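Participant: Structure here, sequence nowhere to be found:
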């Protein structure tokens, strides 16, 4: 009688899962639900950061409310799914909105991700490593790469501070997003289901009146 040989560690015909259309759909649904879970989590983090920023800057609460679309992560590398990374990115952009600073230039978190992607291709030494550590300390002060990172950064700054400044300026220019602006917002004058005084509601009404005005 012929015996069917099965390699050690291989699944037997009895144990092997059969790939059927139903199983493929189930796998797809599981993947989609996992992705949606990540999306919903990031939405919750962004909402929480917007709420905190609004308490810090109540006079800018209307602009901060409409900042949700602006703080979405760009596709510049893996890592934005980590809560502390995404929150840092959102927090810096919201602070810029509240103070009238430029939202187009990359956040420290975004530049850290660019450095991370670069480090996977080539080792970072000297000023390049110093830039990475500088940006990391700016973006994630509560999550040092090593316990001695702050001390090591003093060493890098002492030896390479001028070149680190040049690298940082170059990276900011190259990673700038010219379209990341808080503009073209339509608001009906209601936030979270409540009537509010919002600068964008007035702008929306003004644009609507301009469209409805008869031609001269």
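Facilitator: Received it, and whenever you're ready, just let me know what you need. Fair warning: this is a prediction, and the values are worked out from it, not measured in the lab.
Participant: Confirm for me that residue 81 is in contact with residue 87.
Facilitator: No: in this structure, residue 81 is not within contact of residue 87 by Cβ atoms under 8 Å, at 11.7 Å. Where you see a C-beta, it was placed from the backbone N, CA and C, and this is true even at glycine.
Participant: Between the two, tell me which one has more neighbours.
Facilitator: residue 87 (18 against 12; other Cβ atoms under 10 Å).
Participant: Apart from its neighbours in sequence, what residue is nearest the spatially most central residue of the chain?
Facilitator: The residue lying closest to the centre of the chain (Cα atoms, centre = their mean) is residue 73, at 3.1 Å. Closest residue to residue 73 apart from its sequence neighbours, by Cβ to Cβ, 6 or more residues apart in numbering: residue 80 at 3.8 Å.
Participant: give the contact list for the one you found.
Facilitator: Contact partners of residue 80, counting by Cβ atoms under 8 Å, 6 or more residues apart in numbering, are 42, 73, 86, 89, 109, 113.
Participant: want to throw those into CSV with secondary structure?
Facilitator: Below are the contacts of residue 80 laid out as CSV (DSSP: H, G, I helix; E, B strand; the rest coil):
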residue, secondary structure
42, helix
73, coil
86, helix
89, helix
109, helix
113, helix
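Participant: What number of residues are in the vicinity of residue 69?
Facilitator: Using other Cβ under 10 Å, residue 69 has 10 other residues around it.
Participant: Kindly report the same for residue 57.
Facilitator: Residue 57: 16 neighbours (other Cβ under 10 Å).
Participant: again with the one 10 residues further on
Facilitator: Counted with other Cβ under 10 Å, the neighbours of residue 67 add up to 23.
Participant: now swap in the one 3 residues further on and tell me
Facilitator: Using other Cβ under 10 Å, residue 70 has 20 other residues around it.
Participant: Surely residue 90 and residue 46 touch.
Facilitator: Yes: contact status for residue 90 versus residue 46: in contact at 5.3 Å, counting by Cβ under 8 Å.
Participant: Between these two, which contacts overlap?
Facilitator: Taking Cβ under 8 Å, 6+ apart as the criterion, residue 90 and residue 46 both touch residue 71.
Participant: Compare these two and say which one has the larger neighbour count.
Facilitator: Neighbour totals were compared for residue 90 and residue 46, and residue 90 leads with 27 against 23 (other Cβ under 10 Å).
Participant: Can you classify the more buried one as helix, strand or coil?
Facilitator: helix.
Participant: Now for it: which residues touch it?
Facilitator: Shown in contact with residue 90 (Cβ under 8 Å, 6+ apart): 45, 46, 49, 50, 71.
Participant: pLDDT, distance to residue 117 and secondary structure for the residues you listed - can I get that in JSON lines?
Facilitator: JSON lines is the format used below for the contacts of residue 90 (pLDDT from 0 to 100; distance: Cβ to Cβ, whole Å; DSSP: H, G, I helix; E, B strand; the rest coil):
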{"residue": "45", "pLDDT": "93", "distance to residue 117": "22", "secondary structure": "helix"}
{"residue": "46", "pLDDT": "94", "distance to residue 117": "23", "secondary structure": "helix"}
{"residue": "49", "pLDDT": "97", "distance to residue 117": "24", "secondary structure": "helix"}
{"residue": "50", "pLDDT": "97", "distance to residue 117": "28", "secondary structure": "helix"}
{"residue": "71", "pLDDT": "92", "distance to residue 117": "21", "secondary structure": "helix"}
